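Colleague: Predicted model, plus sequence, below.
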Amino acid sequence: MFHNEVILQNKGNDFIEKLLDATDLVKLVSEYVPLEKKGADYWGCCPFHHEKTPSFLVSGFKQLYYCHGACHEGGNAITFIKKIESVESADAVKILAKRAGMEIPQNERFERDDAEIIKKKERLYRLMREAARRYHENLSKPAAAHVREYLKNRGVGEKMATKFGLGYATNGTEMVAHLSEMGYTLQEMKDAGITATSEKGTYDVFYERLIVPIVNQLGEVVAFGGRTLQKNPDFAKYRNSAQTLVFDKGKTVFAVNLLQKRKQKKLAVDYVILCEGYMDVIALHAAGFDTAVASMGTSLTFSQAKQLKNFGGRVFVSFDGDAAGQKATLRSLDILEEAGLSVRVVQLPEGLDPDDVVRKMGAPAYQSLLDAAVTLPAFKIETLKKQFDLGEPEGKARFAVEAAKVVKSLKNPVEQEEYLKTIQAATGYSMDALRRQTEIAEPAPMRPAEPQPPENAPSLKKEEAAKKFVLASIAAEKAYVDFSAAFDEFLSDTFSREAALFFIANRKDKTDSIAGLYYRMGEGAVKELNEIIHYPFIEGDNAEKYKNCVRSLREAALKKEKEGLARAYLSPGEAQNKKSILYKLSEIDEKLKQLKNSEGAE
């Protein structure tokens, strides 16, 4: 057994174990991925990478999932929510606890998350919630009459103002005084991104602005957007929260909380409309397009795209019709497609945004633009048309060359043919010439060269493979494993020791689940745990292979120990211990000799 170890020292967190027991992983995953039962397990297409053939396994018995396809993602209910919802461990636990109707114990410590950070975040969430409530109250006061009139003129009535929690920051000191009365410090207000400090003191950075709360997928207010109604060139039109402990604009989708509510009510989300700004979203919701969201006015990130994937497979990108909007659309399209979404582009009249269209032309006009939305390749080709003068031979030729690159990126030959026809109609070139151009079109940009492995990589790779097989055999409780062996003599790294300890202890004492082990060992160990628990045993993975792997691991461990002792022997500070070191070195040499002899005897 492990020497000088208390086998049960890693017993799991009772609350986490109970939470995982109360969570039906199959039911949870089914809310995001259609699953089909095959034998004892369930299978579906992996939600973490784009695939057409199901390779995603969900085990109801083990309460684990694993992708046997390209990405090899796996874990328990907590890791699934962390990944699919792009949240931290503590927030994933909150989501699951809410689903299970369980209350998280006070002072609960989450794996790898700093307890002080979690406590600080919870306090900031409460502060932001209180600030949002106060801003909303201010909207109904006499001082905000001009704001209400402004909203009314933009088609945003009381119902929409309540739906989005719109508010008003009356002046620079009102919110500071209110939050101080509620017991929050000036530092906390600053940490929340609500205040700043000048020579005159602390002030509300959103003063005299229409306030739009930014709510994350957990329903927590994490930031604010402020729009001034003044026509003052020295007063910025928009003021948005800076990044804080609870707000990362690259991971936040405006109005995603409203999509989440639809999902909880079992209402269909046929498609999502992706806009640039929150005023576009509010205007579209007011006009009846209530699946509109925004990317916070920045370039779309993969994290935001994955959040949208949770609500279905179709996205209509509806960015502004100006040149900047077109560029933003092109950047976002590839990210959305990479996330596995079916993408269409809404082509707005030049100079107009979605808000302009519904206010000036009406909801039916916007619906017609949705109906006429084009595919990603069609949009790219149409955009290229605007960049070249097709009336000139050189412009026409350059357009055909660039458009052929778009066609080459398509995997379906039928699609390629259709878009080649589009290029032919624009240029008059023969289909044969366009096909030849497509064949010689430049390939996708090369990936940066991978770093070269060290010279000893082959031996390291062999050692890792042996370790993986030994741990997988222990986890699977294979008959050829000698569970009385001193595993710590050759499983010396922290991960291997903790994993082996768990599986050995759990052979008789099944109080801890494998799903709980994922949580306890942390996110950094998920990949290694997946490789052990889902190890693909094949013919030849037998007692002989196990014995050889153990022997090679013992030999590698002894050689590492010998190298360390040799360095110590040469160190000036070890002069008094040289005799002891030499004795230990001779012992190691003897053990290595015995291992060699045992190998030869076989």
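Modeller: Arrived safely, thanks for sending.
Colleague: list the contacts for Thr291?
Modeller: With CB atoms under 8 Å, 6 or more residues apart in numbering as the criterion, the residues that contact Thr291 are Leu259, Arg262, Val269, Asp270, Tyr271, Val272, Ile273, Phe311. Where C-beta positions appear, they are placed from N, C-alpha and C, glycine not excepted.
Colleague: at 6 Å instead, please
Modeller: When contacts are counted by CB atoms under 6 Å, 6 or more residues apart in numbering, Thr291 touches Val269, Val272, Ile273.
Colleague: how many neighbours does the nearest residue to Gln230 once chain neighbours are set aside have?
Modeller: Ranked by CB to CB, 6 or more residues apart in numbering and with sequence neighbours excluded, the top spatial neighbour of Gln230 is Glu208, at 7.0 Å. When neighbours are counted by other CB atoms under 10 Å, Glu208 registers 18.
Colleague: center of this structure - which residue?
Modeller: Most central residue of the chain, judged by C-alpha distance to the mean C-alpha position with CA atoms, centre = their mean, is Ser86 at 3.9 Å.
Colleague: partner residues bridging Ile211?
Modeller: When bridges are taken as DSSP bridges, the partners of Ile211 come out as Gly167, Gly226.
Colleague: Next one: it, what pLDDT does it get?
Modeller: The model reports Ile211 with a pLDDT of 97.
Colleague: Pretty sure it sits against Tyr135.
Modeller: Yes. Between Ile211 and Tyr135 a contact is recorded at 4.3 Å, counting by CB atoms under 6 Å.
Colleague: Neighbour count: those two, which is higher?
Modeller: When Ile211 is set against Tyr135 and neighbours are counted by other CB under 10 Å, the residue ahead is Tyr135, at 30 against 25.
Colleague: Contacts only, for the more buried one.
Modeller: Contact criterion CB under 6 Å, 6+ apart gives Gly167, Ile211 as the residues in contact with Tyr135.
Colleague: what about it, which helix or strand?
Modeller: helix 115-138 (DSSP states H and E).
Colleague: What of Leu434?
Modeller: In this assignment (DSSP H and E), Leu434 forms part of helix 431-440.
Colleague: Against which helices or strands is that helix packed?
Modeller: helix 393-408, helix 413-427 (3 or more CB pairs under 6 Å, 6 or more residues apart in numbering; DSSP states H and E).
Colleague: looking at these, which is buried most?
Modeller: Comparing the helices and strands packed on helix 431-440 by mean neighbour count (mean count of other CB atoms under 10 Å), helix 393-408 comes out on top with a mean of 18.
Colleague: which secondary structure elements does it contact?
Modeller: Contacts defined by 3+ CB pairs under 6 Å, 6+ apart place helix 393-408 against helix 376-387, helix 413-427, helix 431-440.
Colleague: after the shortest one comes which helix or strand?
Modeller: Read it as helix 431-440. As the chain continues past helix 431-440, the following element, by DSSP H and E, is helix 457-475.
Colleague: Name the residues of the next helix or strand after that next one that are buried.
Modeller: Moving toward the C-terminus from helix 457-475, the first helix or strand encountered (DSSP H and E) is helix 494-505. Burial within helix 494-505, assessed by neighbour count using 16 or more other CB atoms under 10 Å, is assigned to Phe495, Ser496, Arg497, Glu498, Ala499, Ala500, Leu501, Phe502, Phe503, Ile504, Ala505.
Colleague: And the residues you listed, which is closest to Gln63?
Modeller: Taking CB to CB as the measure, Gln63 lies nearest Phe502 of the buried residues of helix 494-505, at 15.4 Å.
Colleague: any common contacting residues for Ile211 and Tyr135?
Modeller: Overlap between the contact sets of Ile211 and Tyr135, as judged by CB under 6 Å, 6+ apart, is given by Gly167.
Colleague: Break this structure into its domains for me.
Modeller: 7-100, 114-247, 249-372, 378-440, 457-601 (automatic domain parsing).
Colleague: ok, back up a step: read off the pLDDT value for the residue nearest to the centre of the chain.
Modeller: According to the per-residue confidence, Ser86 scores 72 in pLDDT.
Colleague: If we ignore the residues flanking it in sequence, what's nearest it?
Modeller: The spatially closest residue to Ser86, leaving aside those adjacent along the chain, is Ser303, at 4.8 Å (CB to CB, 6+ apart).
Colleague: Where does the prediction get shaky in the stretch 401-550 of the chain?
Modeller: Regions of the stretch 401-550 of the chain meeting the criterion pLDDT under 70 cover residues 442-460, 508-512, 522-524.
Colleague: Could you rerun that using 50?
Modeller: Using pLDDT under 50 as the threshold, the predicted model of the stretch 401-550 of the chain has low-confidence ranges 444-455.
Colleague: likewise the stretch 51-200 of the chain?
Modeller: Residues of the stretch 51-200 of the chain meeting the criterion pLDDT under 50: 111-113.
Colleague: quick one, strands of it?
Modeller: Assigned strands in the stretch 51-200 of the chain, in chain order: 56-59, 64-67, 74-75, 167-169, 195-198 (criterion: DSSP state E, counting those that start in this stretch).
Colleague: between the helices and strands packed on helix 393-408, which one is nearest to Thr23?
Modeller: Relative to Thr23, the nearest member of the helices and strands packed on helix 393-408 by CB to CB is helix 376-387, separated by 37.1 Å.
Colleague: in that closest one, what's buried?
Modeller: Residues of helix 376-387 classed as buried: Leu376, Pro377, Ala378, Phe379, Lys380, Ile381, Glu382, Thr383, Leu384 (neighbour count, 16+ other CB under 10 Å).
Colleague: Secondary structure element for Gln367, which one?
Modeller: Under the criterion DSSP H and E, the helix or strand holding Gln367 is helix 363-371.
Colleague: actually Arg567, sorry about that
Modeller: Element membership of Arg567, judged by DSSP H and E, is helix 543-570.
Colleague: relative to helix 543-570, how tilted is the next helix or strand after that helix?
Modeller: The first helix or strand that comes after helix 543-570 along the chain, using DSSP H and E, is helix 578-601. Helix 578-601 and helix 543-570 meet at an angle of 160 degrees, taking axes from the mean of the first three to the mean of the last three CA atoms, to 10 degrees as the criterion.
Colleague: List of residues touching helix 578-601?
Modeller: Counting by CB under 6 Å, 6+ apart, the neighbours of helix 578-601 from elsewhere in the structure are Arg551, Glu555, Leu558, Lys562, Leu565, Ala568, Tyr569.
Colleague: related to what we said a few turns ago, now render the helices and strands packed on helix 431-440 as JSON lines, adding distance to Tyr519.
Modeller: As requested, the helices and strands packed on helix 431-440 are arranged in JSON lines below (distance: least, CB to CB, whole Å):
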{"stretch": "helix 393-408", "distance to Tyr519": "45"}
{"stretch": "helix 413-427", "distance to Tyr519": "44"}
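Colleague: To Ala144, which of those lies closest?
Modeller: Closest approach to Ala144 among the helices and strands packed on helix 431-440 (CB to CB): helix 393-408, 49.6 Å.
Colleague: sorry, back to before: now the helices and strands packed on helix 393-408 in a markdown table, please, with extra columns for distance to Leu166.
Modeller: Output for the helices and strands packed on helix 393-408, formatted as a markdown table (distance: least, CB to CB, whole Å):
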| stretch | distance to Leu166 |
| --- | --- |
| helix 376-387 | 33 |
| helix 413-427 | 44 |
| helix 431-440 | 51 |
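Colleague: Quick one: closest of those helices to Tyr480.
Modeller: Comparing the helices and strands packed on helix 393-408 under CB to CB, the one sitting nearest is helix 413-427, at 51.3 Å.
Colleague: And the closest one, what does it pack against?
Modeller: For helix 413-427, the helices and strands in contact under the criterion 3+ CB pairs under 6 Å, 6+ apart are helix 393-408, helix 431-440.
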